[in-house]
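[1] sequence-free structure coming up:
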């Protein structure tokens, strides 16, 4: 709203419409009431002064425009001149090249010899300049850092001697000192950023000089920050008292959390101190990373959050006394640590996680850091006061059994404790790894009590020996029990799906017809793998698994080998009980092989294979074990097949050796009907051999797993095909027409034995199948084929047209000429 001044009629503008610069000018000119009273006398002078200033500013603006135009014209002229010079130089080069046919030797000397040294010298001068400038910057920054630390120490104690640092007390005004500490850390961070971004890695001496000066001052700063932080924690009542008697009685009560109960002023002081400590740690981490990069060391160190470590440190001091009393009752130690961790974890998460986010420490989680620090605390005590004593006692044979029990007991407690601590890591606050990894117990590096074995591989070997001994003891008891060697038949009276059905995939122990003891061996082995899964070091985990689980599988494998070797295959042949033993051993090996392949696909074990530097050979962690199991299966399948072939050869000896009966007339043959549904009879000399093959195959089918039985009957068919073909058809045997018909009937009976396993059993007897095609020909067809095979040019093509693919031309020629009446 506009206002009028008295009766003069002058209209004053609203002060809200005036610009800030104009308001500031008026405030300077009219600062008090006296200036307003003399307004009529000074207004004209003020107007003149303002007009003069406006004229001066207009003149300066005109001059500035003129100078800017001259500068632009000058740069345009220079650019035009440079462009003209470049064009001229280009034309001169072209004219010289055209005139002299190329670049002259003088030009080559200038470009190749004189110019590179000049460029090199210019670069050296530029490097010297950069080195000097950065040296001066660093000198100033390091001086600022030292001055900042010195001012903090003088403000706090009046001197900088470390003896007085620990006598820090909380003053009434923490804000200014925390601000000074933060500025000192910030100054150190500026130095570190300059070393990372601007310095040449070859300036080693300059870096060492800067690091040396920072190293002399940094410990003083850290001691002061830590001392103030500890004094602040003590003033908050941290840590609260724990009634250990309640732990011993089994009564667990909740603990008050001072972090949650802090007053507003102390919460602010604690937050500032926490942020300063986090900033100092962030600087230290970046500094160590730079040094490691220069050395080519990419190893990541396990460092918790310093501010949370300071929460755990007084807890460790207070609980160590109680831990010492409970050395013989380690379950109380783990109970107390878990109780403290669980009662404070929510407060740590709610109070400290926002502070970590403010400090921009994105890779840290308050809950994880708290759990990690508590685990490291109990690990340190166990390594110093428990396992060191147990390891020494283990070497004393007189006390071996007692130590083994104590060792196994505390390992069980440690594994259970790891699971409890793992349950405290929730998905809402900890995003460093996914749910599946947490469910499988994959802690981040070092977040397990078992990490004590990383520094003591000799203790790990003792643990592995104890685990293996206990596991083998359990397995031997299972091996001695006859009930564990029973086979569950999934299909009841049928070994596996009948002919015409698709064979199912094998998954379970019942599918493989493996005895119960195989599952027991695998279960014990897998339990040992799970017990060590929280070991942070992959190589140590690999060593433990190969010393325990893998070795137990080897013991089981050797037991199966010895069990099979007790059977004598070179007597009259193994009885059904002996064949059952072999089938069970093969089934157990096959089932173990399938499970080891399944385990090898596990992500954790695949990572261990990579850690062994053997990933280029195979990604399978149990490669050697699977290879050994496969060799056992193959070797004993070959033994069974060889036994069946030898038995068939023995029982069919008269049939094969008495060749005259193939020349006899039909009435002279001694035959027997095989089946009422089949229109053929079998030679008496062959009946026993065929019946033996049929009964043995049926028995093996009922006891052997489908996969190996499939390989067995196919191999057996191939062996019988080869034996009969070589023993009869490739010998000097002559066939009458009746003999051919009888041989065809005998072979049909042989094929009939394999009918339950496939649709076309003759396809697995290729030599006999081809021979039967030739024998079924009429005399005229056989004579024509004999002539073609004797001197024809397309002999192989002629055989293929008849469906003969396995036997050779010479073999076909011989078979076509074995008729008694000749061709």
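    Received the coordinates, thanks. Since the structure is predicted, the reported quantities are computational estimates derived from the model, not experimental observations.

[2] list the buried residues of the helix or strand encompassing residue 715.
    Using DSSP states H and E, residue 715 maps to helix 706-724. Going by neighbour count (16 or more other Cβ atoms under 10 Å), the buried part of helix 706-724 is 706-709, 712-713, 715-717, 719-721, 723-724. Using the backbone N, CA and C atoms, a C-beta is placed for each residue, glycine as well.

[3] same question for stretch 649-663.
    651-652, 655-656, 659, 661-662.

[4] pull the distance from it to the chain's centre.
    Taking Cα atoms, centre = their mean, to the nearest Å, one finds stretch 649-663 lying 64 Å from the centre of the chain it belongs to.

[5] okay, how far is it across that stretch, tip to tip?
    22 Å (Cα to Cα, to the nearest Å).

[6] before we move on, back to that, any chance of a markdown table for the buried residues of stretch 649-663, columns distance to residue 744?
    Shown next, in a markdown table, are those (distance: Cβ to Cβ, whole Å):
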| residue | distance to residue 744 |
| --- | --- |
| 651 | 21 |
| 652 | 17 |
| 655 | 15 |
| 656 | 17 |
| 659 | 17 |
| 661 | 15 |
| 662 | 11 |
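
[7] can I get those residues in a markdown table with distance to residue 486, pLDDT and secondary structure?
    A markdown table is the format used below for these (distance: Cβ to Cβ, whole Å; pLDDT from 0 to 100; DSSP: H, G, I helix; E, B strand; the rest coil):
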| residue | distance to residue 486 | pLDDT | secondary structure |
| --- | --- | --- | --- |
| 651 | 32 | 91 | helix |
| 652 | 36 | 89 | coil |
| 655 | 40 | 87 | helix |
| 656 | 41 | 85 | helix |
| 659 | 49 | 72 | helix |
| 661 | 48 | 72 | helix |
| 662 | 49 | 75 | helix |
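
[8] check those residues and tell me the two furthest apart.
    The largest separation in the buried residues of stretch 649-663, counting by Cβ to Cβ, is between 651 and 662 at 18.4 Å.

[9] report the angle between the helix or strand following the helix holding residue 715 and helix 706-724.
    Toward the C-terminus, helix 706-724 is succeeded by helix 737-753 as the next helix or strand (DSSP H and E). Interaxial angle, helix 737-753 versus helix 706-724 (axes from the mean of the first three to the mean of the last three Cα atoms, to 10 degrees): 170 degrees.

[10] how about low-confidence regions in the stretch 1-150 of the chain?
    Applying pLDDT under 70 to the stretch 1-150 of the chain flags the ranges 1-25, 27-43, 68-69, 72-75, 78-79, 81-82, 85-86, 89-90, 92-115, 118-119.

[11] name the helices or strands packed onto the host helix or strand of residue 117?
    If you go by DSSP H and E, residue 117 is part of helix 115-156. In terms of contacts (3 or more Cβ pairs under 8 Å, 6 or more residues apart in numbering; DSSP states H and E), helix 115-156 is packed against helix 175-197, helix 204-235.

[12] what angle do the longest one and helix 115-156 make?
    Regarding helix 204-235 and helix 115-156, their directions subtend 20 degrees when assessed with the same axes, to 10 degrees.

[13] and helix 204-235 with helix 175-197, angle?
    Between helix 204-235 and helix 175-197, the angle comes out at 150 degrees (the same axes, to 10 degrees).

[14] what packs against helix 204-235?
    Against helix 204-235 (3+ Cβ pairs under 8 Å, 6+ apart) you get helix 115-156, helix 175-197, helix 264-295, helix 306-325.

[15] go through that helix and flag the buried ones.
    Within helix 204-235, the residues scored as buried using 16+ other Cβ under 10 Å are 206-207, 210-211, 213-214, 217-218, 220-222, 224-233.

[16] now that helix, how far from the chain's geometric center?
    Centroid separation between helix 204-235 and its chain, computed with Cα atoms, centre = their mean, is 37 Å.

[17] over to the shortest one?
    Using Cα atoms, centre = their mean, the distance from the centre of helix 175-197 to the centre of the chain it belongs to is 38 Å.

[18] what comes into contact with it?
    134, 137-138, 141-142, 144-145, 148-149, 151-152, 155-156, 171, 207, 210, 214, 218, 221, 224-225, 228, 269, 272-273, 275-276, 279-280, 282-283, 286-287, 290 (Cβ atoms under 8 Å, 6 or more residues apart in numbering).

[19] which residue, other than its chain neighbours, is closest to the residue nearest to the spatial centre of the chain?
    The centre of the chain sits closest to residue 607, judged by Cα atoms, centre = their mean, with a distance of 3.9 Å. Once flanking residues are discounted, residue 607 sits nearest to residue 538: 6.3 Å by Cβ to Cβ, 6 or more residues apart in numbering.

[20] test my guess that the one you found contacts residue 605.
    No. With contact defined as Cβ atoms under 8 Å, residue 538 does not reach residue 605; the gap is 10.3 Å.

[21] more neighbours: those two, which one.
    It is residue 605, of residue 538 and residue 605, that has more neighbours when counted by other Cβ atoms under 10 Å, with 20 against 15.

[22] rank the helices and strands packed on helix 115-156 by pLDDT, which is bottom?
    Across those, helix 175-197 has the smallest mean pLDDT, namely a mean of 85.

[23] what angle sits between that one and helix 264-295?
    Orientation check (the same axes, to 10 degrees): helix 175-197 against helix 264-295 gives 20 degrees.
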